[in-house]
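> Just need the structure, nothing else, for what follows:
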Amino acid sequence: MECKESRGQIVLPVLYKVEPKDVKYLQGSVKTAFESRKRWSDEAIKQQGREALRKAAESRVFQSEKFADGREGELVNELVEIIMRKQQHDFQPHLPGKLVAIEDRMAEVMELVDFSCPDTQIIGIWGMGGIGKTTLAAIIYKKLFDKFECRSFIKDIRETINCEGIKWVQSLLISDITKSPTREVRDSDTGIEMIRLSCENKKVLILLDDVGHQDHLNNLIGGCNFKLGSRIIITCRDKTLLKPEYKMYKLKEMNNKESLLLFSRYAFEGEQPPTNLAALSSNIVATTGGLPLALMVIGSLLNGEKDPVVWAETLEKLRNAPDEIVQEKLRISYDTLKYKEQQMFLDIACFFIGNDKRIASYLWEDLKIFPITGLQVLINRSLIKIDDENRFIMHDQLRDLGRAIARPEDVEPWHWSRPWDVETMRILGRKEENEKIEALRLDERGSSKFMERESFKRMPNLKFLHLRAVGFAGDFEGSLFELRWLMWERCPDFFEATNVHLEKLVVLDLSSNNISEKWRGWSSMKMERLKVLNLSRCFNLRSTPNLSAFKNLEMLILERCAHLKEIDPSIGDVKRLISLNFYDWLSFCNGLKELDGLEALKSLRWLNLNLSPGSKWSHPMRYEDDKLHAIRGVEKLGSLEVLNIAGRKHIQVLDLSKSEHLKELNVSGCESLVEIHCPSKVLELFYRDGHSWFNTGDIGFIDEHGRVWLTGRESGRIKTGGENVYPEEVAAILLQHPGVAGIVVVGIPEAHLTEMVVGAPSALRKELDRV
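Below you'll find the predicted structure:
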């Protein structure tokens, strides 16, 4: 009984053919047996014995003659079941062997667990399915196990709720925390109330694995008053399930070295592949994208197989479509998406990897697919990523999964919605109309057949078309009526088609072509709704084309146009233009001599004239032949939010006096720049020489040497007697006195001056802040 009180030892008193009162008061046969013990010669020990029996009799007891009508076998079974049930709460989770690269990830999560913090901490581990969230969380749970008396590890919550319901999961949590048998919960409201009572002022360790919905968390830990020091760990795929106050950890993919090691442990039960399979192993590992689940499943599939032919076949299958088991696992996240989100996922997997998300969004917006919310769902589910340049990134396995869904093997290609490249030849040979095809990517041969056989007349629902090295020819009347996006690689400089009326086209990508501003297609193609025009790397452009017909254009991309010298005045007719991009890290667009007509672009938010290599905010190169000396009309751009002129060495004055919404400004490498007029109160990033110099609310000026000087903060400015006084300037003067080691300058209310300037020792800063 002493161990029960001091260390929580489990005690189950069994009274074999005696009454509880005889044990409690030491009478009858119990007294006789007690007094006969020789060890009770010491009175102190004898008294401890009496007290222990009394406490045992007052706790829950099992009477052999009353339990199950005296059937002792059933009593033994009951005791065994109770002991096993109680002990299972102390069983640490089983962890898979062959773990790789877990130490660093574990250390990063343990920093979030942070036992130096006495408060309750909730840590969310999120990432795509199969990446190892449960394994990592289980290791952390095991490491913390002995530090908590009350603990619970609920696995596969999403699946368990789907099969058994939330009430069952609630009962499991209650049972674990209270260390009592599982009891039925009447309803979810009762369940969460019971959980709150069970956890009240208890220091708990709880791991909730694979949470699939916010309601799951609300019904399991919502409103609980845990004792300080508690730790709750959550694993999920969707980041939005985690509240901002939680500490979050995104579990990332393995690198190549880690992936090969994990694969080898499952495929060869060793640390590296044999020489004859080394190259094939590396290639197979490359198809998994560092996904532990894929590495383990595929490695296990090949375990014991020594024939290189079989390995080569497996590699080919993986390159064309993921292994069925892996696909089934990865498809779980896809199946939880809504229909329109699935369409976005399939579009990205089939066509848009590496494309700018802003351009793809125009397509989806026109189709009423709502890209802002849809993309966020895909990102939070770890199905896609977006890099610093706004381009789509997708895990290789997820890419292959999407393509396998869009092109099922058991369905003929002409029934696919998104055929591409080699499969399209079978489709183009058919003469009947095809209403199922909505997107089509063609190689050079397929593009030629597409035009030759006038297939465009038999695909009335085509919305996305990718052509290569083929010209438009023939009569297009009544064709491509639903087309929203035309990507035309290696477009010839001639145009022979007639009646090309693409009235629903919103994106025209003519990048990397030889067309010029005199190309006949500009006047022959009717595209009244066009919103994105991409002319990047069109090396024959000397001027932008006449844009007066594109009244709805919002994005014009002119990156790396080698011979571009001027902007056609018609740009002033594009009143809805939002983004104008001349970004050029290879010094191609530095021949641009004049930039006029901007004053008419009242909607322009993003102007990029950057000459830097690498990322858009990196340190620029110095270009001796940069011709641009002024940006005329920029002073009237009231909607401008981002301006990047990095590397433009001749710009001397930058008048942004109307740009009250400017958030980002990059003038790195603008060595002649001596004056900036910028009234914006929302400026977030200012770059000069590749560094962020100040943040929102900073006030300063540029001197005659082009240097930026900060004079204070907008919020700290003191208004006294009609004058603006900056605390930093006053402090700088006072600090020149040898008797002043530290000073803080503030303004305090004053009836006549509005505020009065006051200086005090810096040690009083906290008190002044409080005032």
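> quick one: low-confidence parts of the stretch 251-400 of the chain?
321-326, 328-329, 332, 395-396 (pLDDT under 70).
> let me redo that: the stretch 451-600 of the chain
In the stretch 451-600 of the chain, residues with pLDDT under 70: 584-591.
> Helices of that one, residue ranges please.
Remark: helices assigned in the stretch 451-600 of the chain by DSSP state H, counting those that start in this stretch are 521-524.
> can you tell me which residues contact residue 507?
Residue 507 sits next to 359, 362, 363, 484, 485, 486, 487, 530, 531, 532, 534 when contact means C-beta atoms under 8 Å, 6 or more residues apart in numbering. Glycine gets a C-beta too; all of them are placed from N, C-alpha and C.
> swap in residue 360?
347, 348, 352, 371, 392.
> Give me the subset of those residues lying in helices.
Under the assignment DSSP state H, the contacts of residue 360 contribute 347, 371 to helices.
> mind giving me JSON lines with the contacts of residue 360 and columns for neighbour count?
JSON lines is the format used below for the contacts of residue 360 (neighbours: other C-beta atoms under 10 Å):
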{"residue": "347", "neighbour count": "25"}
{"residue": "348", "neighbour count": "24"}
{"residue": "352", "neighbour count": "21"}
{"residue": "371", "neighbour count": "20"}
{"residue": "392", "neighbour count": "21"}
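> quick one on the thing from earlier: dump the contacts of residue 507 to a markdown table, plus distance to residue 225.
Output for these, formatted as a markdown table (distance: C-beta to C-beta, whole Å):
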| residue | distance to residue 225 |
| --- | --- |
| 359 | 50 |
| 362 | 49 |
| 363 | 49 |
| 484 | 54 |
| 485 | 54 |
| 486 | 60 |
| 487 | 57 |
| 530 | 59 |
| 531 | 53 |
| 532 | 53 |
| 534 | 57 |
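> looking at it, residue 74 is touching residue 68, isn't it?
Yes. Assessed by C-beta atoms under 8 Å, residue 74 is found in contact with residue 68 at 4.0 Å.
> Now stretch 183-193: buried residues?
For stretch 183-193, the neighbour count (16 or more other C-beta atoms under 10 Å) marks 185, 188, 191, 192 as buried.
> Out of the residues you listed, list just those in helices.
The helices, defined by DSSP H, take in 188, 191, 192 from the buried residues of stretch 183-193.
> pLDDT and distance to residue 553 added to the residues you listed, as TSV?
Listed next are those as TSV, based on pLDDT from 0 to 100; distance: C-beta to C-beta, whole Å:
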residue	pLDDT	distance to residue 553
188	93	53
191	94	57
192	94	54
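> Kindly indicate which of the residues you listed lies nearest residue 1.
Relative to residue 1, the closest of those is residue 191; by C-beta to C-beta it sits at 34.4 Å.
> thought the closest one was touching residue 167?
Yes. Counting by C-beta under 8 Å, residue 191 touches residue 167, with 5.6 Å between them.
> shared neighbours, these two?
Common contact partners of residue 191 and residue 167 (C-beta under 8 Å, 6+ apart): residue 185.
> Could you export the contacts of residue 507 as JSON lines, including distance to residue 231 and neighbour count?
Converted to JSON lines, the contacts of residue 507 look like this (distance: C-beta to C-beta, whole Å; neighbours: other C-beta atoms under 10 Å):
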{"residue": "359", "distance to residue 231": "44", "neighbour count": "20"}
{"residue": "362", "distance to residue 231": "46", "neighbour count": "19"}
{"residue": "363", "distance to residue 231": "45", "neighbour count": "23"}
{"residue": "484", "distance to residue 231": "50", "neighbour count": "24"}
{"residue": "485", "distance to residue 231": "49", "neighbour count": "25"}
{"residue": "486", "distance to residue 231": "55", "neighbour count": "22"}
{"residue": "487", "distance to residue 231": "51", "neighbour count": "18"}
{"residue": "530", "distance to residue 231": "55", "neighbour count": "24"}
{"residue": "531", "distance to residue 231": "50", "neighbour count": "23"}
{"residue": "532", "distance to residue 231": "49", "neighbour count": "23"}
{"residue": "534", "distance to residue 231": "50", "neighbour count": "21"}
